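Undergrad: attaching a predicted model along with its sequence, questions to come.
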Amino acid sequence: MFSHRFLIAPFMRFSIRQTLMLRASGLAVLLGFVGSAVSAVAQENLTLIPKWSRFQGELVSLKPYDNPVQDVQLKAEFTPPVGEPVTVDGFWDGGDDWKIRFMPDMVGKWTFKISCSDEENRGLHNLEGDFLCTAPTGDSALTSNGPIRVARARTHFMHDNETPFFWMADTAWNGPLKSSELDWKDYLEVRASQGFTAVQWVATHWRGAPDGDANGEKPFTGGEKISINPDYFKRLDQRVEMINRAGLVSVPVLFWAIDGEAKPVHSLPDDQAILLGRYMAARWGGVCGAWILAGDGDYTGDRAARWKKIGQGIFGDRPKAPVFIHPKGKSWVFDSFRDEKWLTAIGYQSGHDVDDATNNWIHHGPPSRDWGKLPHRPIVNLEPAYEWHPSYSKNVPISSNHVRRALYWSLLSTPTAGVSYGVAGVWGWDDGDRATPGYPAAGTPPNWRESVTYEGGEQVVHLTEVFQSIDFHKLRPDPAVLIEQPGDDELAKYVAASSAADGSLVVVYTPTEVRLKINVAKLPAPLLANWINPRTGERQDVLAVLRGSALECPAPDAGDWLLVLRAKKPEPEPTGRR
């Protein structure tokens with residue numbers, strides 16, 4: 001399993017080059033980095049910054065502005081040792097302070113040039129410098145392998161060094177907004193130990209946090225021309241850095257987009273929504289993350305046109321990091337957003353129910369039908385049934401058993417990239433005494449400290465361990481693995497099956513004790529077979545009977561089971577002495 005924690009040293013400040021200082025009229029442009037502490041002494045007096053750590057340029061404006069984010073645009077162009085330059089936005093950080101954040105991804109000498117739309121501001125314009133990017137430091141999956149990207153196959157995610165990344169996100173919508181520093185640290189330690197690899201959270205005030213963060217701060221004021229509140233974002237900066245420090249990927253939802261309510265994004269003109277989104281992308285573009293443009297929205301018709309415009313405005317010129325949009329329940333955005341190149345991953349929400357309609361949507365709905373369409377994108381159920389949340393049809397808390405079904409079914413209904421989890425109490429960062437704001441019908445959820453260790457969340461570690469131990473990225477849905485489908489008679493007993501095209505791997509999930517009949521033509525060879533208990537992680541040998549074209553594999557006991565069939569890898573040939 002991946003390492004759960006890594007340490008981040010405090011910011012180190014030092015001037016880059018005397019020539020740069022002189023060009024800024026004696027004003028030092030400062031750099032900081034997040035990573036293990038390194039010396040600022042190097043060949044040619046270059047600053048050393050480890051690969052996949054954060055470059056931070058700190059600048060001071062020599063001119064005041066009435067509304068800095070409206071009046072000035074700051075950009076930096078970074079040129080790698082080999083390849084094309086990368087341009088990023090800078091951002092205003094309060095007072096006369098401006099910052100530029102960037103994550104170098106290539107060892108060697110980098111140069112940069114800083115420009116400002118106000119060319120007379122010598123504190124922000126026409127500055128340049130360089131640094132030496134060194135080998136990566138740290139021992140987490142992120143610091144060792146880099147930030148995540150969409151893989152070349154475009155059906156899963158990978159780290160920057162092309163190591164496959166398994167998406168196992170927790171839904172903590174209100175966590176960064178409402179948590180104290182200590183509580184957030186505790187939460188992240190628990191989730192990392194449970195096998196989670198990412199955290200989904202909301203970055204602006206929304207239905208579940210209409211008054212903003214724990215201090216009552218909101219991200220902006222105004223409408224036609226907004227003013228940014230840097231103090232709000234400085235607090236979130238700390239939470240984001242803590243996510244990466246715990247070895248997890250940060251996944252902010254920039255806007256909550258559900259219809260019928262006065263959400264901030266609905267009150268903003270398109271250009272102001274784009275400005276606010278680019279501001280957030282500039283602040284958090286130097287961390288290991290992914291993006292969700294908007295959450296829980298209806299993105300059809302005229303709405304789709306608006307979100308396409310906003311998405312293109314924010315992410316159209318940004319490199320690499322995955323970008324989702326999170327639709328309302330049982331909604332599918334592929335066809336509407338098919339040609340939007342900035343949208344690099346497809347998210348969906350199967351919703352908070354366990355009835356046949358929901359089960360059928362997972363098994364036979366648009367995700368399971370459309371995953372083969374071009375252009376390929378990773379597909380992730382970003383919001384399956386939440387543990388303990390009242391089910392819509394029965395109004396009873398959703399059990400860990402139903403949560404596991406939704407997770408495993410979702411993983412095997414499309415090319416396997418990952419899945420997300422949620423639990424009442426955590427997503428709203430609730431105290432257990434009252435309903436989450438905006439969600440009175442859901443009743444009073446438990447305290448987040450209680451629900452963070454509910455059974456379904458604790459069992460995620462077994463799911464992650466299994467999929468990280470196999471070539472999960474090769475898996476594609478394959479109904480032909482099964483001679484008989486128990487779900488034909490009862491949807492709740494649907495057996496999900498996937499296989500690798502090269503014949504090396506088959507994975508089957510059954511929600512109930514059943515005698516599986518596996519098509520022998522699909523069996524890897526030479527065969528290694530295990531039953532895995534999703535509740536405990538226990539592995540058991542497979543006792544099977546061959547009957548004609550079927551290998552009959554009875555599940556070991558009651559409950560749900562995962563069957564993993566894989567080809568035994570050949571032993572390396574011994575090297576003889578000469």
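TA: That came through, no problem.
Undergrad: L411: which element?
TA: helix 400-413 (DSSP states H and E).
Undergrad: go on, D557?
TA: Counting by DSSP H and E, no helix or strand carries D557.
Undergrad: each with direction, which strands does the helix or strand L293 falls within pair with?
TA: L293 belongs to strand 291-295 when elements are defined using DSSP H and E. Strand 291-295 pairs in its sheet with strand 249-256 (parallel), strand 323-324 (parallel), by DSSP bridges.
Undergrad: in CSV: the ones you listed, plus distance to W371, mean neighbour count and mean pLDDT.
TA: C-beta: built from backbone N, CA, C; applies to glycine. As requested, the strands paired with strand 291-295 are arranged in CSV below (distance: least, C-beta to C-beta, whole Å; neighbours: other C-beta atoms under 10 Å; pLDDT from 0 to 100):
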stretch, distance to W371, mean neighbour count, mean pLDDT
strand 249-256, 21, 25, 98
strand 323-324, 15, 24, 98
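Undergrad: SS state for C133?
TA: For C133, the assignment made with DSSP: H, G, I helix; E, B strand; the rest coil gives strand.
Undergrad: what packs against the helix holding L411?
TA: If contacts are counted by 3 or more C-beta pairs under 8 Å, 6 or more residues apart in numbering; DSSP states H and E, helix 400-413 sits against helix 356-364, strand 418-421, helix 455-458, helix 460-468, strand 475-477, strand 496-500, strand 505-510.
Undergrad: where's that helix relative to the chain centroid, distance-wise?
TA: 19 Å (C-alpha atoms, centre = their mean, to the nearest Å).
Undergrad: and if you look at stretch 74-90?
TA: The answer for stretch 74-90 is 24 Å, by C-alpha atoms, centre = their mean.
Undergrad: what residues does that stretch touch?
TA: Here stretch 74-90 makes contact (C-beta atoms under 8 Å, 6 or more residues apart in numbering) with 55, 57, 59, 73, 91-92, 98-102, 104-117, 124, 133, 278-279, 281-282, 285, 317, 319.
Undergrad: report the buried residues of that stretch.
TA: For stretch 74-90, burial by neighbour count (16 or more other C-beta atoms under 10 Å) applies to L74, K75, A76, F78, P80, V86, V88, D89, G90.
Undergrad: CA atoms of whatever helix or strand D186 lives in as CSV?
TA: Using DSSP H and E, D186 sits in helix 181-193. C-alpha atoms of helix 181-193 as CSV (Å, rounded to 0.1, in the frame of the first residue of the first chain):
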residue,chain,number,x,y,z
GLU,A,181,-6.7,22.8,11.5
LEU,A,182,-6.5,20.0,14.1
ASP,A,183,-9.7,18.4,13.1
TRP,A,184,-8.7,18.5,9.4
LYS,A,185,-5.4,16.9,10.3
ASP,A,186,-7.2,14.1,12.2
TYR,A,187,-9.6,13.5,9.4
LEU,A,188,-6.9,13.2,6.8
GLU,A,189,-4.9,10.8,8.9
VAL,A,190,-7.9,8.5,9.2
ARG,A,191,-8.8,8.6,5.6
ALA,A,192,-5.2,7.9,4.5
SER,A,193,-5.1,4.9,6.8
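Undergrad: just the CA coordinates of the helix holding L411, formatted as CSV?
TA: Provided in CSV are the C-alpha atoms of helix 400-413 (Å, rounded to 0.1, in the frame of the first residue of the first chain):
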residue,chain,number,x,y,z
SER,A,400,-22.4,-0.5,4.4
ASN,A,401,-23.6,-3.5,2.4
HIS,A,402,-25.4,-1.3,-0.1
VAL,A,403,-22.5,1.1,-0.2
ARG,A,404,-20.1,-1.7,-1.1
ARG,A,405,-22.4,-2.9,-3.9
ALA,A,406,-22.5,0.6,-5.4
LEU,A,407,-18.7,0.9,-5.2
TYR,A,408,-17.8,-2.4,-6.8
TRP,A,409,-20.6,-2.3,-9.4
SER,A,410,-19.5,1.2,-10.4
LEU,A,411,-15.9,0.1,-10.8
LEU,A,412,-16.7,-2.8,-13.1
SER,A,413,-19.5,-1.2,-15.2
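Undergrad: tell me the angle of that helix relative to strand 505-510?
TA: 150 degrees (axes from the mean of the first three to the mean of the last three C-alpha atoms, to 10 degrees).
Undergrad: for helix 400-413, what does the pLDDT average out to?
TA: Average pLDDT, helix 400-413: 98.
Undergrad: neighbouring contacts of that helix?
TA: Under the contact criterion C-beta under 8 Å, 6+ apart, helix 400-413 has outside partners 350, 354, 359, 362-363, 367-368, 381, 384-387, 391, 418-419, 421, 454-456, 459-460, 463, 467, 475, 477, 492, 494, 496-498, 507, 509, 511, 534-535, 559-560, 562.
Undergrad: which intervals of the stretch 1-150 of the chain have sub-threshold pLDDT?
TA: Residues of the stretch 1-150 of the chain that meet the criterion pLDDT under 70 lie in 1-44.
Undergrad: next: the stretch 301-450 of the chain.
TA: For the stretch 301-450 of the chain, residues meeting the criterion pLDDT under 70 lie at 319.
Undergrad: so how far is S350 from K75?
TA: Using C-beta to C-beta, to the nearest Å, we find K75 at a distance of 41 Å from S350.
Undergrad: from T344, how far out is W291?
TA: Noted for W291: a distance of 9 Å to T344, by C-beta to C-beta.
Undergrad: which residues are common contacts for the two?
TA: Joint contacts of W291 and T344 (C-beta under 8 Å, 6+ apart) are P322, V323.
Undergrad: I'd say G503 and A521 touch.
TA: No: using C-beta atoms under 8 Å, G503 makes no contact with A521, being 9.5 Å away.
Undergrad: can you list residues touching both of these two?
TA: Residues touching both G503 and A521 (C-beta under 8 Å, 6+ apart): there are none.
Undergrad: looking at the two, which is more packed in?
TA: Taking neighbours as other C-beta atoms under 10 Å, G503 and A521 compare with G503 leading, 13 against 9.
Undergrad: tell me how many other residues surround the residue nearest to the more buried one when sequence neighbours are not counted.
TA: Using C-beta to C-beta, 6 or more residues apart in numbering and skipping the chain neighbours, the partner closest in space to G503 is P524 (5.8 Å). If you count neighbours by other C-beta under 10 Å, P524 ends up with 18.
Undergrad: stretch 147-158: how far from the chain's middle?
TA: How far stretch 147-158 lies from its chain's middle: 12 Å, per C-alpha atoms, centre = their mean.
Undergrad: now do it: distance from first to last residue.
TA: 8 Å (C-alpha to C-alpha, to the nearest Å).
Undergrad: next one: stretch 498-512
TA: End-to-end distance for stretch 498-512: 18 Å, by C-alpha to C-alpha.
Undergrad: next, the buried residues of that stretch.
TA: Within stretch 498-512, the residues that qualify as buried are S498, S499, A500, S504, L505, V506, V507, V508, Y509, T510, P511, T512, counting by 16+ other C-beta under 10 Å.
Undergrad: between strand 496-500 and the helix holding L411, find me the angle.
TA: 40 degrees.
Undergrad: on that earlier part again, let me have the buried residues of stretch 74-90 in JSON lines, adding secondary structure and distance to D66 as columns.
TA: Conversion of these to JSON lines gives the following (DSSP: H, G, I helix; E, B strand; the rest coil; distance: C-beta to C-beta, whole Å):
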{"residue": "L74", "secondary structure": "strand", "distance to D66": "16"}
{"residue": "K75", "secondary structure": "strand", "distance to D66": "21"}
{"residue": "A76", "secondary structure": "strand", "distance to D66": "24"}
{"residue": "F78", "secondary structure": "strand", "distance to D66": "30"}
{"residue": "P80", "secondary structure": "coil", "distance to D66": "37"}
{"residue": "V86", "secondary structure": "strand", "distance to D66": "31"}
{"residue": "V88", "secondary structure": "strand", "distance to D66": "25"}
{"residue": "D89", "secondary structure": "strand", "distance to D66": "20"}
{"residue": "G90", "secondary structure": "coil", "distance to D66": "18"}
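Undergrad: good, wrapping up.
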